[in-house]
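In: can you look at this prediction? I've put the sequence above it.
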Amino acid sequence: MNLFKSPNFKPFSKQMFRIALPIALSGIIMQLQMLIDTAFLARYTTNINGNVLTGSDILSAVGNVFFPYMVTISFIWALGTGVVVLVSQHLGANNTDQARTVGNVAIKFNTLLSWIVFAFWFFFAKKIFTIMGVQEPILTLSLQYITFVSIELIYMGASTSVSAIFQGTGNTKPEMYAGIFRSVLHIVLDYLLIFGNFGFPEMGVVGAGIASTASGFISTILMILIFVKTKDMPFKVTLKSIIIAPIKPYIKLLKTALPASLEEMLWNFGNLVLAYFLNLLNTEAVGIYRLVYQIEITPIFFYLGIARAVTTLVGQRTGARDLAGARESALIGTFYSICSCVLFTAAFILIPKLILSIFTPDMQLIGKAAPLLMITAFTMMPRAVNIISGNGIRGYGDTLWMLATQIFGILFLLTLAYILMFPVGLGIYGLFIAMFSDETLRGIINTVRFYRGETSLFHKTPLINKPTTETV
């Protein structure tokens, strides 16, 4: 098969980039905001009960919040995957009313779930950090940060649902506008509130938490206003239809969304356990990992839009019973994703210290993190293949398969990481070697599964009917 000679290559590419570019641009700006946030915190110094805490201590405190917090909010984020899949499939099958129903129940009940998660963090934050082994004075900073950043959970359910509805319809520009606005506002508020510039109070990690919540709230209001006012939608969702939305359709939504949510939770739970492993090594290990992690996931935002476009396009072609088109959509997405990784792979290998110096002036920290950034360079391409194939499988509607492979991946990663870090004695290097092994293995498994285009072990019949002739 010659991909470039396929008659579908140009039209499919055009559709893909129409969906992907706004998501990618929004994600890149958001990642830039997160990196700037990391750079600000790495340069901040504070005093807690007579203990002077430098940038590496601040990053450790924020890192200890980041990983358990992501376990919970990833559950809400991933509920949006179910919305994207069902909305795109219903629209592909010309079932506009059913797509509208999915939107109504998603906004209503995902919002209620996010309120429950907020209550969890409000009451149990200190207990969680204590179980993780976080000690004073880092514990105090972690509690200060989570107190303010967790407020975003109050509106996160609605924000995630509206964004997913837009994506399911193939209209991703509103997410881009809201995302860029949020990131720019976040950077400005970080600068004002962390250091106390232009007469604002110096608030450190508390200021970072307020910046995250405030910018997220205002951008959510912006996206909801666009959602209500836009005419570029195949259906409308009103406040009344959301309020009276029954729970029964939401139960059907959860059958698709819950495996994706549990999958995301497991992945972030794996990071939480890895953070525990790192705390066993030494207090600065979590900070080093957090720094490298924020840099290494940057390439993902360049092809995340393509991955999410693959979910939408595969979902629409699944609804239209076009297996060949679904396969080719993912193949084109894989090609563009690998292309986007080449430059980053070279940069991480050739100039790791220069890249790290952008975010921290601590030469000792740079020296420890640089070899790890070089290892992550080799993880990029297998991770890209894994992400694209996984999103294609979700587009089929087979979220149970992805949950199963995530369970396998977590067990494999944690077991191998522990063995390499402690019995073998590789320390933090063992963690990064284990991550490369996990992404490569699951990338192979999920790619084979997607291109078979058949039922997984959880289904008795094919997910979609195969046409008699294929365009691939």
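Out: Structure received. Numbers count the residues shown, from 1 in each chain.
In: next SSE after the strand or helix carrying Gly325?
Out: Taking DSSP states H and E as the definition, Gly325 sits inside helix 323-350. Sequence-wise, the next helix or strand beyond helix 323-350 is helix 352-357, with elements assigned using DSSP H and E.
In: so after that following helix, what's the next helix or strand?
Out: helix 363-377.
In: buried residues in that next one, which are they?
Out: Buried residues in helix 363-377, counting neighbours by 16 or more other CB atoms under 10 Å, are found at 365-366, 368-370, 372-373, 375-377. Any C-beta I mention is one placed from the backbone N, CA and C, and that applies to glycine too.
In: wait, which of those residues is closest to Phe227?
Out: Within the buried residues of helix 363-377, the smallest distance to Phe227 is 36.9 Å, found for Thr376 (CB to CB).
In: can you pull the pLDDT of the residue lying closest to that closest one once chain neighbours are set aside?
Out: Closest residue to Thr376 apart from its sequence neighbours, by CB to CB, 6 or more residues apart in numbering: Glu296 at 4.1 Å. Model confidence at Glu296, expressed as pLDDT, equals 84.
In: for Glu296, what are its contacts?
Out: Residues in contact with Glu296 (CB atoms under 8 Å, 6 or more residues apart in numbering) are 348, 373, 376, 379.
In: from those, which is closest to Ile58?
Out: Leu373 (20.0 Å).
In: wait, the closest one sits on Leu354?
Out: No: applying CB atoms under 8 Å, one finds Leu373 not in contact with Leu354, separated by 10.5 Å.
In: could I get the pLDDT score of Leu79?
Out: Per-residue confidence (pLDDT) for Leu79: 85.
In: just the one 3 residues further on next, same as before
Out: With respect to pLDDT, Gly82 has a value of 86.
In: and it, how far from Gln167?
Out: 12 Å (CB to CB, to the nearest Å).
In: what do you get for Asp398?
Out: 19 Å.
In: the two - which one has more neighbours?
Out: Summary of the neighbour comparison: Asp398 and Gln167, criterion other CB atoms under 10 Å, with Gln167 having more neighbours (27 against 23).
In: for that one, give its distance to Gln144.
Out: According to CB to CB, Gln167 and Gln144 sit 34 Å apart.
In: cool, and Asn171?
Out: Note on Asn171: its distance to Gln144, by CB to CB, is 39 Å.
In: ok, the buried residues of helix 363-377 vs Ser26, which is closest?
Out: Closest to Ser26 out of these is Thr376 (23.3 Å), distances taken as CB to CB.
In: any weak-confidence spans in this protein?
Out: Scanning the chain for pLDDT under 70 picks out the ranges 1-2, 453-472.
In: tell me how far the helix ranked longest in it is from the chain's mean position?
Out: As far as residue count goes, and with DSSP state H defining each element, the longest helix of the chain is helix 55-92. Taking CA atoms, centre = their mean, to the nearest Å, one finds the center of helix 55-92 at 5 Å from the center of the full chain.
In: got the angle for that helix vs helix 363-377?
Out: Between the axes of helix 55-92 and helix 363-377, defined by axes from the mean of the first three to the mean of the last three CA atoms, to 10 degrees, the angle is 30 degrees.
In: can you name the next helix or strand after helix 55-92?
Out: Stepping forward along the backbone from helix 55-92, the first helix or strand reached (DSSP H and E) is helix 96-131.
In: mind listing what's buried in that next one?
Out: Neighbour counts over helix 96-131 (16+ other CB under 10 Å) mark 98-111, 113-114, 117-118, 121, 125, 128-129 as buried.
In: roughly how far out does that helix sit from the chain middle?
Out: If you compare the mean C-alpha spot of helix 96-131 with that of the full chain, they lie 16 Å apart, counting by CA atoms, centre = their mean.
In: tabulate the CA atom coordinates of the next helix or strand after it in CSV.
Out: Counting by DSSP H and E, the next helix or strand C-terminal to helix 96-131 is helix 138-149. Output of helix 138-149 as CSV, limited to C-alpha atoms (Å, rounded to 0.1, in the frame of the first residue of the first chain):
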residue,chain,number,x,y,z
ILE,A,138,7.1,20.1,51.7
LEU,A,139,3.7,18.9,53.0
THR,A,140,2.7,22.5,54.0
LEU,A,141,3.4,23.8,50.5
SER,A,142,1.6,20.9,48.9
LEU,A,143,-1.5,21.5,51.0
GLN,A,144,-1.4,25.2,50.2
TYR,A,145,-1.3,24.5,46.4
ILE,A,146,-4.0,21.9,46.3
THR,A,147,-6.4,24.1,48.4
PHE,A,148,-6.6,26.6,45.6
VAL,A,149,-6.0,24.6,42.5
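In: so Thr311, which of the three states?
Out: Judged by DSSP: H, G, I helix; E, B strand; the rest coil, the three-state class of Thr311 is helix.
In: hmm, it is touching Asn391, no?
Out: Yes: at 4.5 Å, Thr311 and Asn391 qualify as touching, with contact defined as CB under 8 Å.
In: just to revisit the earlier point, just put the buried residues of helix 363-377 in TSV and tack on distance to Leu253.
Out: Shown next, in TSV, are the buried residues of helix 363-377 (distance: CB to CB, whole Å):
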residue	distance to Leu253
Leu365	45
Ile366	46
Lys368	45
Ala369	42
Ala370	45
Leu372	40
Leu373	40
Ile375	39
Thr376	36
Ala377	39
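In: and of those residues, the nearest to Leu225?
Out: Thr376 (39.1 Å).
In: surely that closest one meets Phe432?
Out: Yes: under the contact definition of CB under 8 Å, Thr376 touches Phe432, with a separation of 6.3 Å.
In: what two of the buried residues of helix 363-377 are the furthest from one another?
Out: For those, with distances taken as CB to CB, the pair at the greatest spread is Leu365 and Ala377 (19.0 Å).
In: taking the contacts of Glu296, tell me the two that lie furthest apart.
Out: Largest separation among those by CB to CB: Leu373 and Thr379, giving 10.7 Å.
In: and Phe348, how close does it get to Ile19?
Out: Here the distance between Phe348 and Ile19 works out to 28 Å (CB to CB).
In: and Leu262, by the same measure?
Out: When distance is defined by CB to CB, Leu262 is 26 Å away from Ile19.
In: who has more neighbours, those two?
Out: Here Leu262 and Ile19 are set side by side on neighbour count (other CB under 10 Å), and the busier one is Ile19, at 24 against 20.
In: any idea how far the more buried one is from Leu3?
Out: When distances are taken as CB to CB, Ile19 and Leu3 turn out to be 19 Å apart.
In: great, nothing more from me.
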